[in-house]
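Colleague: okay, predicted coordinates and the sequence, questions at the end:
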Amino acid sequence: MHNLFDLIPRSFFNYLSSGSQNRVYSDCLQVIYQEYERQISYRLPRNVIRDAVALYLLENHVQLEGEEEAGIRNVQDAANAVLRRFTDESVGWLEEETDDETYEKQIMMTERGVQLTEFLQSLRNQEKEEYAGYIINIYDLLNNPDIWKEHPYINGLKAIHKNARMLSGALKKLATYIRRIIERLAREETLESLTENLIEYLEGGFIREYARLTRQQNVHVYRSRIRPEMNRLKDDPDLLGRLTEDCMREENLPRRAAEDQVLSMVDAASRFLFLDYDRMMEDIHGKINTYLTIAVGRARFLRSREKDLRGRVERMIHYLVEETAEIGMKDELPEELQELFLVDGQQYMDEESLRYPRRMRRVTQETESEYAELDEADAERQLEEQRREAYDPFSRERSGEWLAALTRNRRTITAAEMGLKNQEDLLMALSAAAYAQENGFAIRVEEDFTETDTAVIRNFTISKKDG
């Protein structure tokens with residue numbers, strides 16, 4: 001591993017970390033970066049870059065400060081001073097050279113300068129994560145081996161491992177962000193600030209991406225189909241050999257070390273997709289529920305704070321204590337604030353916690369109702385209508401008969417073998433699974449899924465019990 005400060009100039013971060021004009025220099029760097037967006041390379045005439053910086057300084061009424069700026073007479077001189085600083089060898093954001101043909105000075109943005117600018121932009125404008133896209137990319141790679149046939153390690157395994165790692169990092173950032181706004185939520189003092197907190201949460205781009213990831217049932221289908229392909233990367237000797245050879249060439253490793261690295265990357269991606277992913281999603285789901293419940297409790301507490309309703313106030317505080325203890329916020333409080341949360345004992349009741357029994361109404365006077373007798377035909381029609389309304393095509397008895405007919409000559413049957421051609425067959429299969437135990441059958445849920453024209457359901461196996 002190389003030391004970062006051996007790779008960059010010694011003053012690379014100086015204009016961003018100190019001085020009263022670090023915002024000015026940051027904005028100037030991004031203004032220069034924007035000038036290259038429509039170009040085919042990071043190279044432009046010096047006067048173009050200078051004019052762009054001068055326009056920024058003029059529009060924002062910026063006055064450069066310092067001893068070096070004492071001789072500045074106009075905005076053009078100020079822009080030239082900025083370029084001189086950025087092209088200094090000790091800074092290394094830009095490079096200046098003279099064109100051999102036109103003798104015109106050119107400004108180039110260095111590779112480190114580009115990376116620094118993109119980092120600053122990512123901090124300022126957070127990009128929305130496409131969580132579901134990572135899983136779909138892995139699925140496409142595994143099911144299209146022709147894409148990485150020539151270079152299975154570079155274009156195949158390495159890309160799969162990278163997508164799994166990026167999804168893992170994105171979900172970790174999501175969990176951290178939710179925890180941060182939960183901590184802020186507990187400090188909101190007014191209903192207005194509480195509402196702003198909720199709006200920030202609901203309008204955040206991450207919550208829409210998370211909802212898209214959880215609501216798309218096909219994501220789970222992708223994962224069930226990814227598993228056997230990931231196992232094949234290790235179990236197929238020919239494929240494992242080609243991955244190892246490609247890794248040897250790419251990473252310049254001996255065969256044994258290359259094979260260990262390939263197996264390690266496969267295991268890491270599989271462990272995340274089929275174990276860590278579910279735990280992360282469960283943790284995020286729990287944090288979201290905690291946030292919403294604390295928000296409701298906080299709102300009720302703020303509404304009741306100025307009223308003399310001790311039972312309601314204590315009930316809300318008790319609720320907040322339980323939630324903060326669950327997410328570990330209570331352990332981080334200083335000792336002098338711990339006593340504020342010693343409210344676990346309920347020492348009295350308020351009227352809102354009591355439930356009064358219903359009082360049955362007495363019959364105080366006799367009443368008579370007119371009725372009409374039905375003739376035989378009308379009575380038969382009423383009975384037929386009641387039979388039709390009471391008919392349940394998916395009852396326990398009918399599902400048992402249907403299942404017995406399917407297993408007449410066999411002991412077991414799976415959902416995929418039931419011939420689910422339409423919605424009625426699908427509902428009958430689900431009814432048979434629901435009543436399997438009561439009808440004398442055993443049911444076992446499988447890991448894979450079965451797909452019909454109308455739905456995707458988890459596969460299951462129904463078998464006759466002994467005796």
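Modeller: Cool, got the structure.
Colleague: ramachandran coordinates for residue 446?
Modeller: Backbone geometry at residue 446, expressed as degrees, to the nearest 10, gives phi -100, psi 170.
Colleague: do residue 39 as well
Modeller: Here residue 39 shows phi and psi, under degrees, to the nearest 10, equal to phi -100, psi 160.
Colleague: average model confidence for the helix or strand harbouring residue 223?
Modeller: Secondary structure from DSSP states H and E places residue 223 in helix 218-235. Averaged over helix 218-235, pLDDT sits at 80.
Colleague: need the CA coordinates for that helix. CSV is fine.
Modeller: Output in CSV follows, covering the C-alpha atoms of helix 218-235 (Å, rounded to 0.1, in the frame of the first residue of the first chain):
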residue,chain,number,x,y,z
ASN,A,218,-38.4,-9.9,-8.9
VAL,A,219,-35.3,-9.0,-6.9
HIS,A,220,-35.9,-12.1,-4.7
VAL,A,221,-36.3,-14.1,-7.9
TYR,A,222,-33.0,-12.8,-9.1
ARG,A,223,-31.3,-13.8,-5.9
SER,A,224,-32.7,-17.3,-6.1
ARG,A,225,-31.3,-17.7,-9.6
ILE,A,226,-28.0,-16.1,-8.7
ARG,A,227,-27.2,-18.7,-6.0
PRO,A,228,-26.6,-21.7,-8.3
GLU,A,229,-24.5,-19.6,-10.7
MET,A,230,-22.3,-18.4,-7.9
ASN,A,231,-21.8,-22.0,-6.7
ARG,A,232,-20.8,-22.9,-10.3
LEU,A,233,-17.9,-20.4,-10.2
LYS,A,234,-16.3,-22.6,-7.5
ASP,A,235,-17.6,-26.1,-8.4
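Colleague: quick one, what contacts residue 424?
Modeller: residue 393 (Cβ atoms under 8 Å, 6 or more residues apart in numbering). C-betas here are computed from N, CA, C, even on glycine.
Colleague: could I get the pLDDT score of it?
Modeller: In this model, residue 424 is scored at 83, pLDDT.
Colleague: for it, give its distance to residue 394.
Modeller: 9 Å (Cβ to Cβ, to the nearest Å).
Colleague: one more: residue 223?
Modeller: 30 Å.
Colleague: where's residue 424, which helix or strand?
Modeller: Residue 424 is part of helix 423-434, with elements assigned from DSSP H and E.
Colleague: quick check: buried residues in that helix?
Modeller: Residues of helix 423-434 classed as buried by neighbour count (16 or more other Cβ atoms under 10 Å): 426, 428-433.
Colleague: please produce JSON lines containing those residues, extended by distance to residue 58.
Modeller: Supplementary listing: the buried residues of helix 423-434 in JSON lines, determined by distance: Cβ to Cβ, whole Å:
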{"residue": "426", "distance to residue 58": "69"}
{"residue": "428", "distance to residue 58": "76"}
{"residue": "429", "distance to residue 58": "73"}
{"residue": "430", "distance to residue 58": "70"}
{"residue": "431", "distance to residue 58": "75"}
{"residue": "432", "distance to residue 58": "77"}
{"residue": "433", "distance to residue 58": "73"}
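Colleague: so which residues of the stretch 101-250 of the chain form strands?
Modeller: Counting by DSSP state E, counting those that start in this stretch, one finds strands in the stretch 101-250 of the chain at the ranges 105-109.
Colleague: and the helices in it, which stretches?
Modeller: Taking DSSP state H, counting those that start in this stretch as the test, the helices found in the stretch 101-250 of the chain are 111-124, 131-143, 158-185, 191-203, 205-215, 218-235, 237-251.
Colleague: could you do the stretch 351-467 of the chain as well?
Modeller: All helices of the stretch 351-467 of the chain, identified by DSSP H, counting those that start in this stretch, fall at 376-390, 396-406, 423-434.
Colleague: what's the average pLDDT for the first one?
Modeller: Right, the one you point to is helix 376-390. 82.
Colleague: now stretch 114-131
Modeller: Averaged across stretch 114-131, pLDDT comes to 78.
Colleague: ok, now how distant is residue 428 from residue 46?
Modeller: Residue 428 sits 77 Å away from residue 46, going by Cβ to Cβ.
Colleague: let me fix that, I meant to ask about residue 419.
Modeller: For residue 419, the distance to residue 46 - Cβ to Cβ - is 75 Å.
Colleague: and the two? which has more neighbours close in?
Modeller: Ranked by neighbour count (other Cβ atoms under 10 Å), residue 419 and residue 46 place residue 46 first, with 18 against 10.
Colleague: next one: that one, what pLDDT does it get?
Modeller: For residue 46, the predicted pLDDT is 88.
Colleague: ok, and the closest non-adjacent residue to it?
Modeller: Excluding its sequence neighbours, the residue lying closest to residue 46 (Cβ to Cβ, 6 or more residues apart in numbering) is residue 105, at 4.1 Å.
Colleague: same question for residue 374.
Modeller: Nearest residue to residue 374, sequence neighbours excluded (Cβ to Cβ, 6+ apart): residue 382, at 6.8 Å.
Colleague: burial count for that neighbour?
Modeller: 11.
Colleague: from residue 440, how far off is it?
Modeller: 37 Å.
Colleague: touching, residue 9 and residue 87? I think so.
Modeller: No. Using Cβ atoms under 8 Å, residue 9 makes no contact with residue 87, being 11.2 Å away.
Colleague: before we move on, the earlier item: okay, the helices of the stretch 101-250 of the chain in CSV with distance to residue 449 and mean neighbour count next?
Modeller: Output for these, formatted as CSV (distance: least, Cβ to Cβ, whole Å; neighbours: other Cβ atoms under 10 Å):
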stretch, distance to residue 449, mean neighbour count
helix 111-124, 37, 14
helix 131-143, 14, 19
helix 158-185, 21, 18
helix 191-203, 32, 13
helix 205-215, 16, 15
helix 218-235, 5, 16
helix 237-251, 25, 17
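Colleague: out of those helices, flag the one nearest residue 444.
Modeller: Among the helices of the stretch 101-250 of the chain, helix 218-235 comes nearest to residue 444, with 16.3 Å by Cβ to Cβ.
Colleague: which strands and helices lie in contact with that closest one?
Modeller: The helices and strands touching helix 218-235, judged by 3 or more Cβ pairs under 8 Å, 6 or more residues apart in numbering; DSSP states H and E, are helix 131-143, helix 237-251, helix 255-271, strand 441-451.
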